[in-house]
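> Sequence plus predicted model, see below.
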Amino acid sequence: MPKIATPRSDTGAKIRLARTRLGMTQSDLARITGLSQRVISQYELGNVEPPLKSLKKIASALGVPVSYFTNESHEATTTHTSCRIPYFGKIPAGNWSDQSPNEFFTYFELDDIAKTSDYCLQVEGDSMLPSIRPGDIVFIKSCVDLSDGTVVVVRNDNNELTLKRVIHRGSMHLLKPDNPKYEPLPAVDAVILGVVVGLFRKRI
């Protein structure tokens, strides 16, 4: 009887769980993070323990905090306590838009994966597929983080907003969509309003 391969690493199992919940393939995750598909596969099988640098890239791509992988007691799929996060409407994941995240609408209640966030927004547009889909709720921490690969809410000098991934190219920063159908945007005169620290997707 052939042996069935099972994940030997809890970290690898969590990577696979977070990836499949987003409907993302290993190829998708590899393209977004810059890691090879073979490396992603080795991580998920538990044959290789990912270093912190790789975990940060994977966490950013999957919309979860790094602690989801490193803290044994943290489970993204289990509701422990509910917290109320201010919901400020929609954020375009496409071209720049004059929508503003400053108008309060209501509160969004979720479990403790969102406790590190300051507010949440609903995504419009498909430029961040497959990692972030239209209709997803992204949880935002109000801080400036220019780490390579971080997903951010950014505003240009025309007071227009978009949701993109920050990519470094030497001294220049690009705002890169995950969807290859879209071109990166220059980050000239752009101001980062916050970073994505979590994601909620309604199950159909």
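Arrived safely.
> Average pLDDT for the helix or strand hosting residue 61, rounded please.
Here residue 61, judged by DSSP states H and E, is contained in helix 52-62. Helix 52-62 shows a mean pLDDT of 88.
> What would the helix or strand just after that helix look like as PDB? C-alpha coordinates only.
Counting by DSSP H and E, the next helix or strand C-terminal to helix 52-62 is helix 67-70. Output of helix 67-70 as PDB, limited to C-alpha atoms (Å, rounded to 0.1, in the frame of the first residue of the first chain):
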ATOM      1  CA  SER A  67       2.100  35.200  14.600                       C
ATOM      2  CA  TYR A  68      -0.400  32.900  12.900                       C
ATOM      3  CA  PHE A  69       2.600  30.800  11.900                       C
ATOM      4  CA  THR A  70       4.800  31.200  14.900                       C
END
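> If we go by neighbour counts, what in the helix or strand following helix 67-70 is buried?
Next along the chain after helix 67-70, taking DSSP H and E as the criterion, comes strand 83-92. Within strand 83-92, the residues that qualify as buried are 85, 86, 87, 88, 89, 90, 91, 92, counting by 16 or more other C-beta atoms under 10 Å. From N, CA and C alone the C-beta is placed, and that goes for glycine too.
> tally of neighbours for the residue lying closest to residue 16 once chain neighbours are set aside?
In this structure, residue 16 finds its nearest non-sequential neighbour in residue 44, 4.4 Å apart by C-beta to C-beta, 6 or more residues apart in numbering. Burial of residue 44 is recorded as 23 neighbouring residues (other C-beta atoms under 10 Å).
> How is this protein divided into domains?
Here the domain parsing of the chain from automatic domain parsing is 10-70, 83-200.
> Give the helix, strand or coil label for residue 50.
For residue 50, the assignment made with DSSP: H, G, I helix; E, B strand; the rest coil gives coil.
> so how far is residue 192 from the residue nearest to it when sequence neighbours are not counted?
Counting by C-beta to C-beta, 6+ apart, residue 50 lies nearest to residue 43, which is 4.8 Å off, once chain neighbours are set aside. According to C-beta to C-beta, to the nearest Å, residue 43 stands 29 Å off from residue 192.
> Show me which of those two is the more surrounded one.
The neighbour comparison of residue 43 against residue 192 (other C-beta under 10 Å) goes to residue 43, with 25 against 19.
> and the spatially most central residue of the chain, what does it touch?
Nearest to the geometric centre of the chain sits residue 63, at 2.8 Å (C-alpha atoms, centre = their mean). Residue 63 sits next to 18, 22, 131, 132, 138, 151, 196, 198, 199 when contact means C-beta atoms under 8 Å, 6 or more residues apart in numbering.
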